[in-house]
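Enquirer: Need a 3D model of the following:
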Amino acid sequence: MAAPRVTNSVQTTKEGVGKKVLKIGGAIFGTVGVTVLGATLIWPAALIGITWFILTKCKVESVAVPMLAFAVGHSGWMVVGHATLAAMGGEADLISVAVDVVIVIALLTWFLWARSRAAAIGVLVYQILALGVGVLLWGPTVEAIKEAIPRASSQTLMFAQAMHVFLRITGICLCVYAIAKLRKQTTVKYSEVFE
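Expert: I've put the predicted structure just below:
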């Protein structure tokens, strides 16, 4: 009986150390990220975090929360970016942003209503298509913003575009994870019904 208690104690200590290391690493990464990227990191992180919090409070399946938070938060960041661009006198592409927002709201509504793998696959298809369009328009987008706001540095614009690509790739990975986990949950539910 004493051996399991020692094992559990050692395991609990390892988990505690792991959590502390993650917290310290996260703090260092966040500090460096904010120093280097500034608003390019703060806005998407804040919007994704707020969405994550709301979805968690609404009791959305935990495997789907990250997938949905990244999709909604990223679209929110695009709205903020284009609104800022318009406020600075640049030409904002309001039509593409509006289309993006409508698609994300439709996908979010579909998932919250159906809670299905099909809805998660819909989010995955959206993320893949958005990534493809974003990569294809990388150069022209940077040049258009540079013309609209001559004082914007090329480095800042490149960081912003790279952040868009990073968020899309992360969103795709989270969709794949959610689809795999939702399938397992569905299988468990069906097996529970038939037992």
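
Enquirer: show me what contacts residue 78?
Expert: Residues counted as contacts of residue 78 (C-beta atoms under 8 Å, 6 or more residues apart in numbering) are 97, 100, 101. In this view, the C-beta of every residue, glycine as well, is placed from N, C-alpha and C.

Enquirer: and the next element down the chain from the helix or strand bottoming out on mean pLDDT in the chain?
Expert: In the chain, no helix or strand scores lower on mean pLDDT, DSSP states H and E than helix 2-37, which sits at a mean of 58. Reading on from helix 2-37 to the C-terminus, the next helix or strand found by DSSP states H and E is helix 39-57.

Enquirer: tell me what that next one is packed against?
Expert: Secondary-structure packing of helix 39-57 (3 or more C-beta pairs under 8 Å, 6 or more residues apart in numbering; DSSP states H and E): helix 2-37, helix 65-87, helix 154-194.

Enquirer: which parts of that helix are buried?
Expert: 40, 41, 43, 44, 45, 47, 48, 51, 52, 55 (16 or more other C-beta atoms under 10 Å).

Enquirer: That helix to helix 154-194, inter-axis angle?
Expert: Using axes from the mean of the first three to the mean of the last three C-alpha atoms, to 10 degrees, the inter-axis angle of helix 39-57 relative to helix 154-194 is 20 degrees.

Enquirer: Rounded mean pLDDT for helix 39-57, please.
Expert: For helix 39-57, the mean per-residue pLDDT is 89.

Enquirer: Now do the domain split for this protein, please.
Expert: The chain is divided into the following domains under automatic domain parsing: 1-37, 38-194.

Enquirer: These: lowest mean pLDDT?
Expert: Among these, domain 1-37 scores lowest, with a mean of 58.
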